[in-house]
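J.: I would like to see how this sequence folds:
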Amino acid sequence: MKRNSKVRNKYLDLLICAGGDGTLNNVISRCMEIGCDLPIGYLPVGSTNDFARTLGFSSDFTEILKQSCMSAERRIDIGKFNDQYFVYVAAFGSLAEVSYSTPQWTKNILGHFAYLLKGIQKVTDIKSYSLTIVYDGKIEKGEFCIGLVMNSLSIGGFKNPVSQDVVLDDGLFEVLLIRTPQSLNELQQIIVSLLGQKIYEEKMFIYIQTGNLKVESDLMEWTLDGEFGGAAQKIEISNCRQALRIISS
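T.: Residues are numbered from 1 along each chain as shown. Below is the predicted model of the structure:
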């Protein structure tokens, strides 16, 4: 595919991707690597289909096919994570681990409830990460249990707590960092704030919008679009503005 990418760009009109968020990530990552600028037609038939919700697709497959036939092309941002790519979220922490540690058969049967079930098992085993985050000439340091670098209205099957700020082609990520709770009361504050989407003035959260950031930590595992993204100590995340042509409803 790499050798013939220019020929494919010339003679093909569209790439069709059928699958979930991880499959979409694989297709788009490959396109970014070889410089393929074909528009992507997406048929979301995975377990959670977060990004399909953002694009306005129905959860009914028949409706998805109808929408795909009537949809229009648009350009949206793509994230670069060191030498990898992600479509809508790069994350670390217990809830991020859930997305790639949940068995595929469980995802297929239970959908996003599979993440809930696995997430409940993680609440009593919250890991803490000491981070230094550099962005736009600013520095944040602290102990955090979860971090999300997002460009989506839906994360893990649930509404993004900062969804009102999401614009898919503005060159900016929505970054949410959750401080490690030191008590059950602080854990309750986090849960209530997330469910009520009231994080902006909550001391347990740091929320920023940026197109580029660097993260330094001890060796830490990440997930990219719900799939294991590797472990690293130094991460640079940048926004590739309007790099993807995609068909959306």
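J.: pop the domain breakdown of the protein in here.
T.: Domain ranges of the chain: 5-77, 84-241, per automatic domain parsing.
J.: and the pLDDT for D169?
T.: For D169, the pLDDT comes out at 95.
J.: as TSV, the domains of the chain with distance to S248 and mean neighbour count would be great.
T.: Heads up, the C-betas are built off the backbone N, CA and C, glycines and all. Shown next, in TSV, are these (distance: least, Cβ to Cβ, whole Å; neighbours: other Cβ atoms under 10 Å):
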stretch	distance to S248	mean neighbour count
domain 5-77	4	17
domain 84-241	9	17
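J.: I'd like to know how far the spatially most central residue of the chain sits from S130.
T.: The chain has V89 as the residue nearest its centroid, 1.5 Å off, counting by Cα atoms, centre = their mean. The gap separating V89 from S130 is 22 Å, by Cβ to Cβ, to the nearest Å.
J.: would you mind writing the CA trace of the longest strand along the chain as CSV?
T.: The strand that spans the most residues within the chain, counting by DSSP state E, is strand 227-248. Provided in CSV are the C-alpha atoms of strand 227-248 (Å, rounded to 0.1, in the frame of the first residue of the first chain):
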residue,chain,number,x,y,z
GLU,A,227,-6.7,0.7,22.0
PHE,A,228,-3.3,0.2,23.8
GLY,A,229,-1.0,3.0,22.7
GLY,A,230,2.2,1.9,24.5
ALA,A,231,4.1,3.1,27.6
ALA,A,232,6.4,6.1,27.7
GLN,A,233,7.9,8.7,30.0
LYS,A,234,7.9,11.6,27.6
ILE,A,235,5.0,12.3,25.3
GLU,A,236,4.5,15.1,22.8
ILE,A,237,0.9,15.5,21.5
SER,A,238,0.2,17.9,18.6
ASN,A,239,-2.9,18.8,16.6
CYS,A,240,-2.8,18.1,12.9
ARG,A,241,-5.5,20.7,12.0
GLN,A,242,-8.0,19.6,9.3
ALA,A,243,-5.7,16.7,8.2
LEU,A,244,-8.5,14.2,7.7
ARG,A,245,-11.2,14.2,5.1
ILE,A,246,-14.2,12.2,6.4
ILE,A,247,-17.8,11.7,5.4
SER,A,248,-20.2,12.7,8.2
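J.: so what secondary structure elements neighbour it?
T.: helix 21-34, strand 40-44, strand 72-81, strand 84-86, helix 94-101, strand 212-224 (3 or more Cβ pairs under 8 Å, 6 or more residues apart in numbering; DSSP states H and E).
J.: which other residues reach the shortest one?
T.: For strand 84-86, contacts defined as Cβ atoms under 8 Å, 6 or more residues apart in numbering pick out 25, 28-29, 32-33, 78-79, 224-225, 229-230, 240.
J.: that one: partners in the sheet, and parallel or antiparallel?
T.: Using DSSP bridges, strand 84-86 pairs in its sheet with strand 72-81 (antiparallel).
J.: any idea of the angle the strand it pairs with forms with strand 227-248?
T.: 160 degrees (axes from the mean of the first three to the mean of the last three Cα atoms, to 10 degrees).
J.: so for strand 72-81, mean pLDDT?
T.: On average, strand 72-81 scores 93.
J.: neighbouring contacts of that strand?
T.: Residues contacting strand 72-81 (Cβ under 8 Å, 6+ apart): 28, 32, 39, 85-88, 90, 149, 151, 168-173, 222, 224, 229, 235-248.
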